[in-house]
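J.: Give me coordinates for this.
(one chain, ligands or ions: 1)
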Amino acid sequence: MKLVVANLKMNLAYSDINNYRNKMEDVITDNEIVICPSSLFLPFFKSGKYSLGAQNVYFEDKGSFTGETSPLQLKNMGTKYVIVGHSERRNIFNENNELINKKVNAVIKNNMIPILCVGESKEEKDEKKTYEVIEKQLDECLINVDTNNIVIAYEPIWSIGTGIIPEEKDIENVINYIKEKYNANTKVLYGGSVNVDNVAMINEISNIDGFLIGSASVDISNFINIINKIK
Ligand code: PGA
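T.: Residues are numbered from 1 along each chain as shown. Take a look at the predicted model:
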């Protein structure tokens, strides 16, 4: 069974929600689908034939943290997965590995599953530093973390939203590396420009456990076409 995660980012509008939810109800799949809307819209996706995921979280359970959402609140809303350490959080909102590590631990403490994103930039790839970068991200983000309770998403930054994807062999090698170094049982997803045309091909990769899908998950018909190609 594959894990297919829709990272809707800041895209869905209130007026889109009913249609998105209704169309999801008709989906027939053996895979687990996870919908990650903006936290504002989590209640609308609370019950359905899919799991609920959040795009971000703070690490404290409650208190004076204006604008933040706590892991306890997410758990109470029925959230099962939380995306942590997405490159947009790292690059636009200056999240570092230390903060991400606190978030990963807070998510697990509240009995949810973090989807920890890692991946190299174009420059790092050109300098052949992919493995070094991923190793540092994982070592620092996984301090005191039981890797039986997490999902890792390999998301090369140069592939996110660009339409460019790595060679399948490169994805396979990174996934192998992560499983061998950290935990053979940890689910490892691929994310970055997954679309209806390339998903079947990427799905052929022997050790892949699923996908983290951004822009191609926003249009529900398009997302369903993708789901239908993941056997
Ligand atoms: P993309 O985004 O599918 O639009 O490339 C993936 C992600 O950022 O998780």
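J.: who's in contact with the residue of the chain at minimum distance from the ligand?
T.: At 2.3 Å from the ligand, residue 214 is the closest residue in the chain, using C-beta to the nearest ligand atom. Bear in mind the C-beta positions are built from the backbone N, C-alpha and C, glycine included. By C-beta atoms under 8 Å, 6 or more residues apart in numbering, residue 214 lies in contact with 7, 9, 160-161, 191.
J.: same deal with residue 103?
T.: By C-beta under 8 Å, 6+ apart, the contact set of residue 103 is 57-59, 82, 84-85, 114.
J.: Check residue 156 too.
T.: Under the criterion of C-beta under 8 Å, 6+ apart, the neighbours of residue 156 are 119-120, 125, 130, 166, 192.
J.: any idea how far the residue nearest to residue 224 when sequence neighbours are not counted lies from residue 204?
T.: Spatially, and ignoring its direct neighbours in sequence, residue 224 is nearest to residue 27 (5.9 Å; C-beta to C-beta, 6 or more residues apart in numbering). To residue 204, residue 27 is 22 Å away according to C-beta to C-beta, to the nearest Å.
J.: just checking, which of the contacts of residue 156 belong to helices?
T.: Cross-referencing those against helices under DSSP state H gives 125, 130.
J.: Could you give the secondary structure assignment for residue 114?
T.: strand (DSSP: H, G, I helix; E, B strand; the rest coil).
J.: Repeat that for residue 4.
T.: strand.
J.: can you list the residues of this protein near the ligand?
T.: Listed as neighbours of the ligand in the chain under the rule C-beta under 6 Å from any ligand atom: 7, 155, 160-161, 191-194, 212-216.
J.: Any of these buried? List them.
T.: By neighbour count, with 16 or more other C-beta atoms under 10 Å, the residues of the chain next to the ligand hold 7, 155, 160, 191-194, 212-216 as buried.
J.: Just flag the most distant two among the contacts of residue 214.
T.: The largest separation in the contacts of residue 214, counting by C-beta to C-beta, is between 9 and 191 at 11.8 Å.
J.: about what we covered before: can you check the contacts of residue 103 and name whichever has the most neighbours?
T.: residue 84 (29 neighbours; other C-beta atoms under 10 Å).
J.: so what pLDDT did that one get?
T.: What the model reports as pLDDT for residue 84 is 98.
J.: Let me see the backbone angles for it.
T.: Main-chain dihedrals, residue 84, degrees, to the nearest 10: phi -130, psi 140.
J.: Can you tell me how far it is from residue 24?
T.: Per C-beta to C-beta, residue 84 is found 24 Å from residue 24.
J.: Tell me who's in contact with residue 68.
T.: With C-beta under 8 Å, 6+ apart, residue 68 has these contacts: 58, 60.
J.: Taking the chain centroid, which residue in this protein is the extreme one?
T.: Distance from the centre of the chain peaks at residue 64, with 27.4 Å (C-alpha atoms, centre = their mean).
J.: Name the helix or strand for that one, please.
T.: Per DSSP states H and E: residue 64 is located in neither a helix nor a strand.
J.: and what of residue 101?
T.: With DSSP H and E as the test, residue 101 turns up in helix 97-109.
J.: which of the residues in that helix are buried?
T.: For helix 97-109, by 16+ other C-beta under 10 Å, it's 97, 99-108.
J.: How far off centre is that helix?
T.: With C-alpha atoms, centre = their mean, to the nearest Å as the basis, helix 97-109 stands 15 Å off its chain's centre.
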